[in-house]
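Undergrad: Okay, here's the prediction I keep looking at, along with the sequence it came from:
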Amino acid sequence: MARYELLNNVTHKDLRVATGFGPQFGDDVGMVPAFPSEFAELQREYPIFLKKAAGDGEWQSVALLGFEQRENLFLRDGRWNASYLPGASAKGPFLIGFQEQQVGGEPVLEPVVHVDVEHPRVGRVEGEPLFLPQGGNTPYLEHVATILRGIHEGSTFGKAMFAALDAAGLIEPVSLDVQLDGQHRVAVAGLHGIARERLASLDGPTLLELNRAGYLEGAYLMLASLHNVRRLMAEKQRRLREQDTARAGDS
């Protein structure tokens, strides 16, 4: 169970974070949250979809990693086989929380870094240190802080962006039902994407408004990302063939 603590260089001076990949670190997931601030990188390798968030029902963009809940087709032999690691995975056991501070005599919620001390990546023997011997941040922690800032800014931007796209009628359900071969069929429920035909038929003022807000680029990047479904299918088919070959060898 997660146990987050406000990160500081006294209590956590000896903490280290393992940076490898594997099911033991929770990397065996079929999708991860994605953020508009990273769409340009993500769309080169991952399909990007939308889902309704549990609870508040707001739209959340996700990068698809596999066709099953615990399947990450980018994960193999302790490696993540992609040139770009989604921020939600790269951030490791950290998240941004908020702490009330006085600024000019007024209470202001300032973002601060928290660490999940129960996370399987966290230890005191192996992995990347968080703090220098003198107490300053290591390059690794600075890198994580940059990722967290991108996630925070992307999340705020994404809420407004998806609300605007929804208001313009540009979000539609996606049926991802794939016949991989004669014996295997996979389906992922609950996905939505950008309505390509509706986007092409938008009137000038609506297009201008979406473009000025910076939302139009994100919509086109999501559409461009869909060719990566074929990449996932090919990897899934390859692994199924490996499984069949292994079973034949054992029989």
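TA: It's in. Numbers count the residues shown, from 1 in each chain.

Undergrad: so where's this protein shaky on pLDDT?
TA: 102, 250-251 (pLDDT under 70).

Undergrad: where do the helices sit along it?
TA: Counting by DSSP state H, the chain has helices at residues 39-42, 87-90, 139-167, 196-200, 204-213, 215-225, 228-250.

Undergrad: I'd like to know which elements the longest one is packed against.
TA: The reference is to helix 139-167. If contacts are counted by 3 or more C-beta pairs under 8 Å, 6 or more residues apart in numbering; DSSP states H and E, helix 139-167 sits against strand 59-64, helix 87-90, strand 94-103, strand 106-116, helix 204-213, helix 215-225. All C-beta spots, glycine's among them, are computed from the backbone N, C-alpha and C.

Undergrad: For residue 66, which of the helices of the chain is the nearest?
TA: helix 228-250 (6.9 Å; C-beta to C-beta).

Undergrad: I would like the residues contacting that closest one, please.
TA: 43, 45-47, 64-67, 73, 176, 178, 180-181, 184, 186 (C-beta atoms under 8 Å, 6 or more residues apart in numbering).

Undergrad: Show me which of the residues you listed are buried.
TA: Burial by neighbour count, judged by 16 or more other C-beta atoms under 10 Å, picks out 43, 45, 46, 47, 64, 65, 66, 67, 73, 176, 178, 186 from the contacts of helix 228-250.

Undergrad: Show the end-to-end separation of stretch 2-11, please.
TA: Taking C-alpha to C-alpha, to the nearest Å, stretch 2-11 runs 17 Å from one end to the other.

Undergrad: So which residues make contact with it?
TA: For stretch 2-11, using C-beta under 8 Å, 6+ apart, the contacting residues are 12, 94-95, 97, 99, 112-119, 130-131, 135-137.

Undergrad: of those residues, buried ones?
TA: Using 16+ other C-beta under 10 Å, the buried ones in these are 12, 94, 95, 113, 114, 115, 116, 117, 119, 130, 131, 137.

Undergrad: Could you check how far residue 45 is from residue 30?
TA: 16 Å (C-beta to C-beta, to the nearest Å).

Undergrad: Can you pull the phi and psi angles for residue 69?
TA: Reported as degrees, to the nearest 10, the phi and psi values for residue 69 are phi -60, psi -40.

Undergrad: same deal with the one 4 residues further on?
TA: Phi and psi for residue 73, reported as degrees, to the nearest 10, are phi -80, psi 0.

Undergrad: Make sure it is actually in contact with residue 64.
TA: No - Residue 73 is beyond contact range of residue 64, at 9.2 Å (criterion: C-beta atoms under 8 Å).

Undergrad: returning to what we had before: and which of the buried ones among the contacts of helix 228-250 is nearest to residue 221?
TA: Nearest to residue 221 among the buried ones among the contacts of helix 228-250, with distances taken as C-beta to C-beta, is residue 43, at 4.7 Å.

Undergrad: Which residue, neighbours along the chain excluded, lies closest to the closest one?
TA: residue 225 (3.8 Å; C-beta to C-beta, 6 or more residues apart in numbering).

Undergrad: how about the one you found, what does it touch?
TA: So residue 225 contacts 39, 42, 43, 46, 47, 48 (C-beta under 8 Å, 6+ apart).

Undergrad: Hmm, residue 62 and the fifth one touching each other?
TA: No - the pair residue 47 and residue 62 fails to qualify as a contact (C-beta under 8 Å) at a distance of 9.1 Å.

Undergrad: Hmm, residue 42 is touching residue 63, no?
TA: Yes - between residue 42 and residue 63 there is a contact at 5.5 Å, judged by C-beta under 8 Å.

Undergrad: Cool, thanks, signing off.
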